[in-house]
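[1] Provide a 3D model corresponding to the input given below.
(one chain, ligands or ions: 1)
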Amino acid sequence: MLKIYGCPKTRSLRATWALEEAGADYEYFKVELSKGEGRKPEYLEINPSSKVPALVDGDLVLAESAAIVTYIGEKFPASRLVPADAIQRATYFQWLAFTMSELEQSLWTLAKHRFVLPEELRLPLIEPTALWEFAKAAKVLHWHMRGREYVAADYFTGADIMVGHTLGWARSNQISLESEVLEDYAERVLSRPALAAARQREQG
Ligand SMILES: N[C@@H](CCC(=O)N[C@@H](CS)C(=O)NCC(=O)O)C(=O)O
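    The predicted structure follows:
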């Protein structure tokens, strides 16, 4: 059976959300990052970066949430998490890349300088820069989302998992999306039952 390694309140929620959307059977293994379990030799064999999520499916060992969500979409095509149409598929990949390289970077910078990095490497002065960068990226997403319900197609896809999760991450840091379009969109995707089920599974 497909295995997911994750930890509550991290990017592994993207993977479990995709699995729940696909109605897949999976085993969930909690890696308690705060207890250093990500750095245990047996976990480093699975993901040498010590990060979650990681997926194991037979001989495949896969890291990176964007790759994992896409793999799940392709393994369970009935979920339509990865669009079949070439234009929608291209749009899907555009917004996956945007999420990883633009939208989430400033949130990750905030997290790193608030609690992830060793204390002596944290730079509190970076906060206004990170918030400015998030607002800039969110504006790009706002332009794209005007008149759309979902990011890549006229139905929910894995791109909505990546983008929606990141907007939820911003909201949980009390960062305003400064856009009614984005607030409505975030509400639409973050209220999906599959996300609630994924959260429950991770807390379990
Ligand atoms: N680019 C990776 C980032 C994964 C990542 O940084 N995960 C964090 C939790 S959200 C983690 O496992 N941190 C533990 C560590 O850095 O050792 C992805 O999207 O999967």
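
[2] look up phi and psi at the residue nearest to residue 155 when sequence neighbours are not counted.
    Spatially, and ignoring its direct neighbours in sequence, residue 155 is nearest to residue 80 (6.2 Å; Cβ to Cβ, 6 or more residues apart in numbering). C-beta coordinates here come from the backbone N, C-alpha and C atoms, glycine included. Backbone torsions for residue 80, taken as degrees, to the nearest 10, come to phi 60, psi 30.

[3] ok now the helix ranked longest in the chain, how far from the chain's centre?
    Longest helix in the chain, counting residues (DSSP state H): helix 127-145. Remark: helix 127-145 is offset 17 Å from the chain centroid, using Cα atoms, centre = their mean, to the nearest Å.

[4] again with stretch 158-169
    6 Å.

[5] and this structure, what are its domains?
    3-79, 86-193 (automatic domain parsing).

[6] tell me which of those domains sits nearest to residue 203.
    Proximity to residue 203, assessed across those by Cβ to Cβ, is greatest for domain 3-79 (5.4 Å).

[7] what residues does this protein have near the ligand?
    Contact residues (Cβ under 6 Å from any ligand atom) of the chain with the ligand: 10, 11, 33, 38, 50, 51, 52, 53, 64, 65.

[8] for those, give me JSON lines that also has pLDDT.
    As requested, these are exported to JSON lines (pLDDT from 0 to 100):
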{"residue": "10", "pLDDT": "97"}
{"residue": "11", "pLDDT": "98"}
{"residue": "33", "pLDDT": "95"}
{"residue": "38", "pLDDT": "97"}
{"residue": "50", "pLDDT": "96"}
{"residue": "51", "pLDDT": "97"}
{"residue": "52", "pLDDT": "98"}
{"residue": "53", "pLDDT": "98"}
{"residue": "64", "pLDDT": "98"}
{"residue": "65", "pLDDT": "98"}
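
[9] out of those, which is most surrounded?
    residue 65 (30 neighbours; other Cβ atoms under 10 Å).

[10] contact partners for the residue of the chain most remote from its centre?
    Residue farthest from the centre of the chain, counting by Cα atoms, centre = their mean, is residue 120 at 28.2 Å. By Cβ atoms under 8 Å, 6 or more residues apart in numbering, no residues touch residue 120.

[11] do residue 177 as well
    Contacts of residue 177 by Cβ under 8 Å, 6+ apart are 138, 142, 167, 170, 171, 183, 186.

[12] for residue 11, same thing?
    Going by Cβ under 8 Å, 6+ apart, residue 11 touches 52, 53, 65, 165.

[13] what about 6 Å?
    residue 65 (Cβ atoms under 6 Å, 6 or more residues apart in numbering).
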